[in-house]
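> okay, predicted coordinates and the sequence, questions at the end:
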Amino acid sequence: MKGKFDYDIAIIGLGPAGSTLARLLSPKYKVIAIDKKIFGENGFQKPCGGLISADAQKALASFDLTLPKDVLVDPQIFAVKTIDLKNRLIRHYQRFYINLDRHKFDLWLESIIPETVKIHSNAICTELKRKNGGFSVSYLEKEETHTITARFLVGADGANSIVRRTFCPEKQIRNYLSIQQWFPETHPNPFYSCIFDPETTDCCSWSISKDHQFIFGGAFPMDNAKQRFERQKEKLEKIGFQFGEPLKTEACLVLRPSSFRDFCKGEKGIFFIGEAAGFISPSSLEGISSAIYSARDLSRVLNHPHGDLNRRYWKKTLKIRIKIGLKLLKCPFMYNSFLRKLVLKSGLQSIKIDGTTNKGKNPAFSAK
Ligand SMILES: Cc1cc2nc3c(=O)[nH]c(=O)nc-3n(C[C@H](O)[C@H](O)[C@H](O)COP(=O)(O)OP(=O)(O)OC[C@H]3O[C@@H](n4cnc5c(N)ncnc54)[C@H](O)[C@@H]3O)c2cc1C
């Protein structure tokens, strides 16, 4: 590429999508990556359940990557307790997740980016413009604003992407406020749960134990999200959940695409990867696998530049979009109360755990 710009490629955001892209780009490119996380325990941390799905494990395996032990947390859990508060049913299903510390996972992915990439951590991208056939990128670092130019711009900055808001303001992807609280773990048996409660949200909630802490989170419609969250906690307390005083509360936007038109394509040298593009499962809100796969797709296109790069990248993401489309088809069976009741009552693929009747009814409900 010509030396008209400071950088060939500017990546905004170093979550699983941005870090994977930065790692895979050819060293022939001059790359800058800007992320607001601090490389350490303090500062911004992405609120997340920190569960690595089988798909995400496969994505990591495809790069021959293995997870370091210190990103894992205690305990590893093999079943999800599916709780339907409306139909008063509980079922357990086998799951193959890896339970990890999401912040440490992000830092690990960032640590394996080659030194050829210029990383600015603890820097916030504040303004983006098209300039001379490329882009000018302004970011705030140590209270000073810097501006660089780049030929290509990659939005890897998640649900509330500044890149998407700047260049595709018309793109409104269905979204929710995700709230998570952390508590000291007091349950006798750590567990992972997925909760459906149409009275408080048409999306889902979850809980998970991590290193003697208990996380409860959910995705709620924007209006009265906090009240909805608290209302759901009250209901869960009645069936045995133990909350107490939260150690911390975190919140962020989470996207939930509702149709094929919801994905954000990007054009003329702007690319979106991961959740910034809308690549997240609308059924489970699992997004790490699509973040990694879309970054891999983009690296393959940019490393072999010919033809219309935006078109080639979008074509490559078809598999991801089909996978998410299939999850959309799955949604009614999870989120329609009647269909969910049929599925849970059928017991199909569920695991029988002591204390649960073979009709999915649970003593926890009848106790109250
Ligand atoms: C509460 C919650 C729980 C979830 N649980 C799971 C789960 O258990 N498993 C799973 O697979 N998925 C889960 N998801 C979804 C998953 O977290 C995301 O889909 C995934 O992180 C997307 O990766 P990404 O790299 O595209 O974006 P992100 O992980 O969001 O990364 C974006 C990065 O951009 C940076 N950034 C953003 N704006 C700026 C800016 N202006 N300047 C500089 N940097 C910026 C941020 O620091 C961040 O590092 C969950 C989501 C939420 C909200």
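Yep, that arrived.

> for residue 266, which three-state class applies?
Classification of residue 266 using DSSP: H, G, I helix; E, B strand; the rest coil returns coil.

> measure it to the ligand for me?
14 Å (C-beta to the nearest ligand atom, to the nearest Å). In this view, the C-beta of every residue, glycine as well, is placed from N, C-alpha and C.

> torsion angles phi and psi at that residue?
Per-residue torsions, residue 266: phi 80, psi 150 (degrees, to the nearest 10).

> list the contacts for the closest residue in space to it that isn't next to it in sequence?
Once flanking residues are discounted, residue 266 sits nearest to residue 272: 4.7 Å by C-beta to C-beta, 6 or more residues apart in numbering. Residue 272 sits next to 154, 155, 156, 161, 163, 164, 264, 265, 266, 278 when contact means C-beta atoms under 8 Å, 6 or more residues apart in numbering.

> report how many residues lie close to the closest residue to the ligand within the stretch 1-150 of the chain.
The nearest approach of the stretch 1-150 of the chain to the ligand comes at residue 15, 2.2 Å away (C-beta to the nearest ligand atom). Residue 15 has 27 neighbours, counted by other C-beta atoms under 10 Å.

> the helix or strand in which residue 254 is found: what's the following helix or strand?
Per DSSP states H and E, residue 254 falls inside strand 248-255. Next along the chain after strand 248-255, taking DSSP H and E as the criterion, comes strand 270-272.

> show me what from the stretch 251-368 of the chain comes close to the ligand.
Contacts of the stretch 251-368 of the chain with the ligand, taken as C-beta under 6 Å from any ligand atom, map to 252, 254, 274, 275, 276, 280, 285, 286, 287, 288, 291.

> let's see that with 5 Å instead.
254, 274, 275, 280, 286, 287, 288, 291 (C-beta under 5 Å from any ligand atom).

> from what I can see the fifth one touches residue 52, true?
No: Residue 286 is not in contact with residue 52 according to C-beta atoms under 8 Å; the separation is 9.2 Å.

> quick one: which of these two has more around it?
More crowded of residue 286 and residue 52, by other C-beta under 10 Å: residue 52, with 24 against 18.

> how about that one, what does it touch?
60, 67, 97, 98, 100, 105, 288.

> for ChimeraX, what selects the buried ones among those?
In ChimeraX, this line selects whichever of the contacts of residue 52 come out buried by 16 or more other C-beta atoms under 10 Å:
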select :60,97,98,100,105,288
